[in-house]
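A.B. asks: Curious how this folds, go ahead:
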Amino acid sequence: MDELKMHSPNFAEENVAKLEAMFPNCVTESKDEKGNLKKFIDFDLLKQELSKHIVDGPQERYHLNWPGKRESLLTANAPIAKTLRPCREESVDFDTTENLFIEGDNLDVLKLLQETYLGKIKLIYIDPPYNTGNDFIYADNFAESTEKYLLTSAQKDEEGNRLVPNTDSNGRFHSDWLSMIYSRLKLARNLLKEEGAIFISIDDGEAGNVRKLCDEVFGADNFVANIIWEKKYAPSNDAKWFSDNHDHIFIYAKDKQRWHPKPLPRTEEQNSRYTNRDDDPRGPWKSGDMSVKTYSVNYDYPITTPSGRVVNPPHSKCWRFSKEKMEELIADNRIWFGENGDNVPSIKRFLSEVKDGIVPLTIWKYKDVGHNQVGNQEVKKLFDNKGFFDGPKPVSLLNHILYLSTNHTNDIILDFFAGSATTAHAVMQQNAEDEGKRKFIMVQLPEPCNEKSEAFKAGYENIAEISKERIRLAGKKIKEE
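C.D. replies: Sure, this is the predicted structure:
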């Protein structure tokens with residue numbers, strides 16, 4: 001008979017868990033009356049989530065903080081009075097593709113997508129500005145009531161756009177960038193499916209802050225991996241300290257228990273490592289170590305080889321299996337003692353019994369997923385050998401992400417920093433390769449091109465125009481091939 005519980009459920013802890021599911025950013029660590037660290041609700045931040053005005057909160061706590069954080073949250077929650085307008089004359093197969101390219105401020109677009117795409121996006125990939133000191137950030141308004149924000153949310157700078165340079169001499173260099181990305185990640189999380197995930201490309205400059213920020217927005221328990229992508233194939237000899245040859249790609253799931261990457265297909269090289277040295281009817285196999293470091297006296301025993309030699313596990317180690325299990329494996333011809341039956345025993349692992357694929361690694365080599373120079377060449381080939389973007393991501397990198405995180409079905413992929421539209425190109429390419437029906441939503445601000453740039457001289461007034469043309473050209477090329 002099961003023992004009866006002698007206490008009622010802890011409703012306070014259950015309520016904290018419920019609120020964490022709804023507002024993961026409002027759950028923090030704090031000490032209780034006994035000095036123990038526990039999860040607590042940041043009521044000041046919760047009030048902000050439910051308020052139309054900035055709520056002061058002087059309480060110190062463990063979390064990432066910066067000037068303008070509360071204003072950024074207000075900006076994310078403030079409603080807008082805007083709509084999307086179709087543009088058929090610029091579109092290709094408008095009524096059949098179901099793909100979307102939206103030209104506008106991604107903060108506004110993310111708000112507009114909430115009603116139609118809430119909880120429907122399978123994959124979000126973004127490559128935001130890296131905050132190197134020369135990048136532009138979105139000039140959101142971070143110090144107003146909701147009412148005033150509604151009146152000024154369409155504000156533009158003197159050049160007619162909502163981007164402002166974020167130089168490293170700016171006293172709010174990190175704060176402005178964090179406020180920009182925070183409000184957008186808050187809205188993006190709502191759009192993800194429960195089994196969806198977000199991939200964020202970032203360099204070392206803001207990688208630490210992005211990790212903490214995503215822990216807050218998506219919940220630290222939903223962190224999946226920090227991918228290291230080898231973005232260059234050669235060192236930069238003009239580097240002051242080290243040649244920066246990698247970027248980070250942070251992966252967060254909406255619900256880590258419901259999202260898993262697909263195994264990668266096995267290669268011929270990997271399969272060739274399996275042979276059949278004893279003509280085992282179960283087919284090719286390779287041997288594996290039988291000893292383990294975790295010591296247990298019950299797993300420390302002598303084994304007599306077919307040649308009569310007595311073998312013990314290595315010093316301070318023991319065998320992987322119990323004596324009884326080992327005898328079963330030997331009887332089933334799953335233990336290899338070498339050609340002459342005199343070697344240290346090893347376990348036979350059969351190719352027919354291994355996983356259908358390979359568990360993906362957290363280090364992505366350029367030889368497997370491409371590098372920045374490949375991305376540059378891909379754009380140049382589409383635009384008559386003209387390079388309009390600085391360091392666009394290679395299509396193969398996005399194809400790799402799509403393979404790991406989407407299916408052939410009608411999965412929707414969102415990129416709200418579309419830039420060179422590599423994500424759209426990759427979606428079309430991946431669909432062509434596996435006959436998939438994935439759909440993309442790209443968002444790009446019509447950021448003006450520098451009048452001295454190659455793009456402007458070629459007739460492209462803003463980045464969005466180049467992005468759209470890249471999609472049209474890539475789609476045509478894929479269709480022809």
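A.B. asks: Can you list the helices and strands that the helix or strand R211 falls within packs against?
C.D. replies: Following DSSP states H and E, one finds R211 within helix 204-214. Applying 3 or more C-beta pairs under 8 Å, 6 or more residues apart in numbering; DSSP states H and E, one finds that helix 204-214 contacts helix 173-191, strand 192-202, strand 223-230, strand 246-253. All C-beta atoms are positioned from the backbone trio N, CA, C, and that covers glycine.
A.B. asks: Out of these, the one nearest T294 is which?
C.D. replies: strand 223-230 (25.6 Å; C-beta to C-beta).
A.B. asks: Tell me which residue is most central in this structure.
C.D. replies: F199 (2.0 Å; C-alpha atoms, centre = their mean).
A.B. asks: okay, now the domains of the protein?
C.D. replies: What the TED database lists as the domains of the chain is 11-61, 88-265+360-480, 268-353.
A.B. asks: before we move on, back to that, quick one: the residue nearest to the centre of the chain and I401 touch, right?
C.D. replies: Yes: F199 is in contact with I401 according to C-beta atoms under 8 Å; the separation is 5.5 Å.
A.B. asks: any residues in contact with both of these two?
C.D. replies: L123, Y125, I249 (C-beta atoms under 8 Å, 6 or more residues apart in numbering).
A.B. asks: What helix or strand is the second one located in?
C.D. replies: Counting by DSSP H and E, the element that carries Y125 is strand 121-126.
A.B. asks: Find the nearest non-adjacent residue to S405, please.
C.D. replies: L123 (4.9 Å; C-beta to C-beta, 6 or more residues apart in numbering).
A.B. asks: Counting neighbours, what do you get for that neighbour?
C.D. replies: By other C-beta atoms under 10 Å, 25 other residues sit near L123.
A.B. asks: where's it relative to I198, distance?
C.D. replies: The gap separating L123 from I198 is 8 Å, by C-beta to C-beta, to the nearest Å.
A.B. asks: go on, L50?
C.D. replies: Noted for L50: a distance of 25 Å to I198, by C-beta to C-beta.
A.B. asks: the more surrounded of these two?
C.D. replies: The residue with more neighbours, out of L50 and I198, is I198; 26 against 10, by other C-beta under 10 Å.
A.B. asks: If we ignore the residues flanking it in sequence, what's nearest the more buried one?
C.D. replies: Among residues not flanking I198 along the chain, I124 sits closest, at 4.2 Å (C-beta to C-beta, 6+ apart).
A.B. asks: Which residues are in contact with L19?
C.D. replies: L19 makes contacts with C26, V27, I41, L46, as judged by C-beta under 8 Å, 6+ apart.
A.B. asks: give me that answer again for 7 Å
C.D. replies: Going by C-beta atoms under 7 Å, 6 or more residues apart in numbering, L19 touches C26, V27, I41.
A.B. asks: hang on, it is in a helix, isn't it?
C.D. replies: Yes: membership of L19 in a helix is supported by DSSP: H, G, I helix; E, B strand; the rest coil.
A.B. asks: Around the closest residue to R309 other than its chain neighbours, how many other residues sit close by?
C.D. replies: Spatial nearest neighbour of R309, excluding adjacent residues (C-beta to C-beta, 6+ apart): D342 at 5.5 Å. D342 has 13 neighbouring residues, counting by other C-beta under 10 Å.
A.B. asks: Count the residues that sit near D244.
C.D. replies: Neighbour count of D244, defined by other C-beta under 10 Å: 14.
A.B. asks: where does it land in three-state SS?
C.D. replies: coil.
A.B. asks: separation between it and P392?
C.D. replies: To P392, D244 is 17 Å away according to C-beta to C-beta.
A.B. asks: about what we covered before: neighbouring contacts of the helix holding R211?
C.D. replies: Residues outside helix 204-214 that contact it (C-beta under 7 Å, 6+ apart): 64, 130-132, 174, 177-178, 181-182, 185, 200, 202, 248, 250, 252.
A.B. asks: go with 6 Å
C.D. replies: L64, Y130, N131, L178, I202, H248, Y252 (C-beta atoms under 6 Å, 6 or more residues apart in numbering).
A.B. asks: so which of those comes closest to L100?
C.D. replies: L100 lies nearest to Y252 out of these, by C-beta to C-beta, at 23.4 Å.
A.B. asks: Q430 touches I401, doesn't it?
C.D. replies: No: between Q430 and I401 there is no contact, the gap being 9.6 Å when judged by C-beta atoms under 6 Å.
A.B. asks: With neighbour numbers in mind, choose between the two.
C.D. replies: Remark: of Q430 and I401, I401 carries more neighbours, 26 against 21, as counted by other C-beta under 10 Å.
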